[in-house]
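A.B. asks: after the sequence you'll find the predicted model.
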Amino acid sequence: MYAYERYSFRIVTLVLALVAIAFFANSGFIGGALTALLVVFSAFSYQGIIIDAGKQRYLKYDRFLWVKIGKWMLLPPPSYATVVRINLSSNRNLPTPVVPTDTKSVKSYRVNLVVEGDQRYVPVCRGSRKEMREEALKLGQLLGIRVLDYTTHEKKWIL
């Protein structure tokens, strides 16, 4: 079984925190307390995936504290895993701390599980190049498939 999970910052946490502050500033202590609970709940937000190779299914989920939201999906037969480069452009995205202000784009990497059928691929995880190569190799060894590094001009098989 393969599992990957990482922290996910959500803008809704900041909005809820501002609403809670507004409640407390206007002596709305019950509304402020309930909103503050939602802030705590959404501040511990994670996104992840679990791939159960034995039962040929996967679960993409959002986790808030201990509550997972998602459902199991059928995993089509996998062909190979690939590591791809994604350019995050400041022209296409909202201003975020990920994209430096002095450049127009920044590179991020993603692992995709290429599958047969209409779905074509299942996005697995996203992060730094080194971390994504390691995750792709783990996934390839677990499923017994090849791994393609598509991040350089050589585009070579690494497993």
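C.D. replies: Structure received.

A.B. asks: use CA for all of it now, contacts and neighbours both
C.D. replies: Fine.

A.B. asks: count the neighbours of the closest residue to Gly117 other than its chain neighbours for me.
C.D. replies: Excluding the flanking residues, the one nearest Gly117 by Cα to Cα, 6 or more residues apart in numbering is Pro76, at 7.0 Å. By the criterion of other Cα atoms under 10 Å, Pro76 has 18 neighbours.

A.B. asks: I figured Pro76 hits Gln56, correct?
C.D. replies: Yes. Pro76 is within contact range of Gln56, at 7.3 Å (criterion: Cα atoms under 8 Å).

A.B. asks: what's near enough to touch Arg6?
C.D. replies: Residues in contact with Arg6 (Cα atoms under 8 Å, 6 or more residues apart in numbering) are 46-48.

A.B. asks: pull the number of nearby residues for Gln56.
C.D. replies: Counted with other Cα under 10 Å, Gln56 comes out at 13.

A.B. asks: any idea how far Arg10 is from it?
C.D. replies: 31 Å (Cα to Cα, to the nearest Å).

A.B. asks: need the contacts of Arg6 in JSON lines with neighbour count and pLDDT, can you?
C.D. replies: Shown next, in JSON lines, are those (neighbours: other Cα atoms under 10 Å; pLDDT from 0 to 100):
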{"residue": "Tyr46", "neighbour count": "19", "pLDDT": "93"}
{"residue": "Gln47", "neighbour count": "18", "pLDDT": "93"}
{"residue": "Gly48", "neighbour count": "19", "pLDDT": "95"}
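
A.B. asks: make CSV out of the residues you listed and add distance to His153.
C.D. replies: Below are the contacts of Arg6 laid out as CSV (distance: Cα to Cα, whole Å):
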residue, distance to His153
Tyr46, 33
Gln47, 30
Gly48, 30
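
A.B. asks: out of those, flag the one nearest to Leu142.
C.D. replies: Gly48 (17.2 Å; Cα to Cα).

A.B. asks: what are the pairing partners of the helix or strand where that closest one lies, and which direction each?
C.D. replies: Gly48 belongs to strand 45-52 when elements are defined using DSSP states H and E. Sheet pairing of strand 45-52 (DSSP bridges) gives strand 2-7 (antiparallel), strand 57-64 (antiparallel).

A.B. asks: I appreciate the help and will end here.
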